[in-house]
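Asker: Need coordinates for the following:
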Amino acid sequence: MSLTIASILAESAVRHADRTAVVLGELRLTYAQLWGHALQYAAVLRERGIGPGDRVALLLPNTPHFPLAYYGTIALGAVAVPVHALLKAEEIQYVLHDSGAKVLVCAAPLLGEGAKGAELAGVPVLAVMDGGDATLDRIDTLALSATPIPALVPTEPDDTAVILYTSGTTGQPKGAEITHLNVTMNVVASAVSSFDINETDVVLGCLPLFHTFGQTCCMNTAFYVGASIVLLPRFDGAQALELLTTQKCTIFMAVPTMYIGLLEAAKTSPHRPTLKSALSGGAALPVPVLEKFTEVFGTQVLEGYGLTETSPVATFNQVGFTPKPGTVGKAIWGVEVEVAKAEVEEAIELLPTGELGEIVVRGHNVFKGYLNKPEATAAAIVDGWFRTGDLGTKDADGYVAIVDRKKDMVLRGGYNVYPREVEDVLLRHPAVGQVAVIGLPDDQYGEEVCAVVILDPAGGELTEADLSAWAKEKLAAYKYPRRVMFTDAFPLGPSGKVLKRELVEQYKG
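Answerer: Numbering: from 1, shown residues only. Alright, predicted model coming up:
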C-alpha cells in the first residue's frame, strides 16, 4: 500500500491544471506549471544522489521555491526538513547534523547564516534566487533545463515525509517525524470537514511555510482543493491588508500577532477585504481582538489548536458546529482529544467533563516520534495518547479551551521559545551568574522573552541593553530577550528549582 503527500499537488495538477496555484507579485503559476517545475527540481536532486529516505533541508522564504523544493523532494520519496528562516549558523548546523541532511536548499537572502551552518555541518548547498554566492550551484536555474522525473516514487503511509524541529524545554531541539498518513489525513480532515475551503478560494499565504501551520493548513490544504495562494514573504499589516483586498482573498489564516497587525493597519487604510473566513492558531487569540476583527472586517474568526507533533490540527471551530469564541473548537474528524491528570506522567488517567488537566490527543494526526530520541518519544506518547503539555478543559459539547501551559515555554508571536535553550546561551556571558528565562504578557506578541539575571560579581558591569544586544548575535530574532531584569535571588521550590511562575507574577507589573 503506497501513499505520498506529493499526490496532493500531482492530483490537482490534473484536476485543476489551468487554475492559479501560487501568486507572488506579478508572477502567477498554474497547478500544471507548479507540478511540472517540482518534477524538474526532483530531477536535479536525483542527479545529486538524493533518493528514497534521504533528508533534504529547506531554508526558504514564502516564495514559489518553497513548494517546488518541498514537493520535488517528496516526489523522490525523500524527506523534507524545513529549517526556521530566523535561525543562526550554529542552530542551522545542529538541524542539518541531527537530521542527517544530504543537501541544503537555501534562498540567496538566507545564505549569510545558511551557508555558514552548512559548512559547519559539512553539507553541500544548492541555492535559489538571484543575489547569492556565484560559486554555488542553483537548483532553480539547473531545473529549467532538467528533464522532469517521469513518475512519483511510491512511499508507505507510515514512512516519514517531513521532519519538523521543535525545541524541548530541556536541551536541544527535537526532530518530529511526520508521516505521509499524518499529513494527508490532516489535510483531508481540514479540507472536507473543518475549514470551509474549495477551488474558488484565494488564501493569503502569510504564515511561514517552514512552520507546520503554514505548511499543512495553508499550503497543503489549499493545494488539495485547488485553491490559489497569494504569497507574502514577510508579514506586514498594511501590505497584507492591501493584498487581501486587491487579490480578492477569501481566506485569511494567521497567528494572533498578524490579526493585531491587520487591525492596526485598518486604522489608516480604507481597504476592507471581503473575507469568507478567518482562521487563527499558533497561540490563544485574545477575545477582544477576535471581537474587534469581527467588528472591523465583518468576519468571524475561527480558532483551532494543534502542535507540530499533531501534524498540526487537533481541534477546530469547524464547519457544521456553532463556533464558541474563547474555545479552540472540537476535535477534528478521526481524532480524539481528552483531558488527563497532568501530574500522572507514566499513564493516562482521563478526567471527567469540565475538569482542568493536560490536553491529550489520539488519532491519525499523532506523529511517529522524535528522530533518534526514543526516550523523549516514550515520554510524549503514553498509552497511545500524545501528551501536549498544555492545560485545558473540555465541555459537555466537546469544545476544548486552553487554559495554561504545563511547560515553561514562551509563545512569542506564534513562535515557540524554550527557556532552557536561551538560558544556556546567556550563561555563556561572563557577567551572568544565574539566569531564568520567562515569558511576560505583551500586547503585541502575546508574550515577550524576559531574562531574570543574577550577576556574577567577577564578571564586570552589565546593562539590560548590553545583554540583549549580545544575545541578539547568538539567537534567532524571536528568541533573544527584549527585557532583562536583575535580581539578587530567585524564588526556589523545595528541590531547588526556580519557581518561574512567581517570577512572572513579580515582573509582569
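Asker: tell me the secondary structure for residue 437?
Answerer: Put simply, residue 437 is strand when judged by DSSP: H, G, I helix; E, B strand; the rest coil.
Asker: and it, how many residues sit next to it?
Answerer: Using other C-beta atoms under 10 Å, residue 437 has 26 neighbouring residues. No exception for glycine: its C-beta is placed from N, CA and C like everyone else's.
Asker: Enumerate the beta-bridge partners assigned to it.
Answerer: residue 451 (DSSP bridges).
Asker: For it, which residues are in contact?
Answerer: Contact analysis of residue 437 by C-beta atoms under 8 Å, 6 or more residues apart in numbering lists 410, 417, 419, 420, 422, 423, 426, 449, 450, 451, 452, 481.
Asker: Then residue 266?
Answerer: Per C-beta under 8 Å, 6+ apart, neighbours of residue 266: 241, 272, 296, 297.
Asker: Surely the second one is in a helix?
Answerer: By that I understand residue 272. No: counting by three-state DSSP, residue 272 is located in no helix; its state is coil.
Asker: Mind telling me which residue is nearest the centre of the chain?
Answerer: residue 211 (2.6 Å; C-alpha atoms, centre = their mean).
Asker: How much space separates that residue from residue 315?
Answerer: According to C-beta to C-beta, to the nearest Å, residue 211 and residue 315 sit 18 Å apart.
Asker: gap between the helix of greatest length in the chain and the chain center?
Answerer: Scanning the chain for the longest helix, with DSSP state H as the assignment, gives helix 31-47. Centroid separation for helix 31-47 versus its chain: 25 Å, with C-alpha atoms, centre = their mean, to the nearest Å.
Asker: quick check: mean pLDDT across that helix?
Answerer: The average pLDDT for helix 31-47 rounds to 98.
Asker: Renumber starting at 36 from here on
Answerer: Yes, from this point I'll number from 36; that puts the last item at helix 66-82.
Asker: other SSEs contacting it?
Answerer: Packing partners of helix 66-82 (3 or more C-beta pairs under 8 Å, 6 or more residues apart in numbering; DSSP states H and E): helix 41-50, strand 55-59, helix 100-110, helix 174-179.
Asker: now with 6 Å?
Answerer: Secondary-structure packing of helix 66-82 (3 or more C-beta pairs under 6 Å, 6 or more residues apart in numbering; DSSP states H and E): helix 41-50, helix 100-110, helix 174-179.
Asker: So residue 173 sits against residue 162, correct?
Answerer: Yes: Residue 173 lies in contact with residue 162 (C-beta atoms under 6 Å); the separation is 4.9 Å.
Asker: Among the two, which residue is more densely surrounded?
Answerer: Higher neighbour count among residue 173 and residue 162: residue 162, with 26 against 20, using other C-beta under 10 Å.
Asker: quick revisit: could you pick out the buried ones from the contacts of residue 472?
Answerer: Buried members of these, scored by 16 or more other C-beta atoms under 10 Å, are 445, 452, 454, 457, 458, 461, 484, 485, 486, 487, 516.
Asker: Run through the residues that contact the last one.
Answerer: Shown here is residue 516, whose contacts under the criterion C-beta atoms under 6 Å, 6 or more residues apart in numbering are 484, 485, 486, 503, 506.
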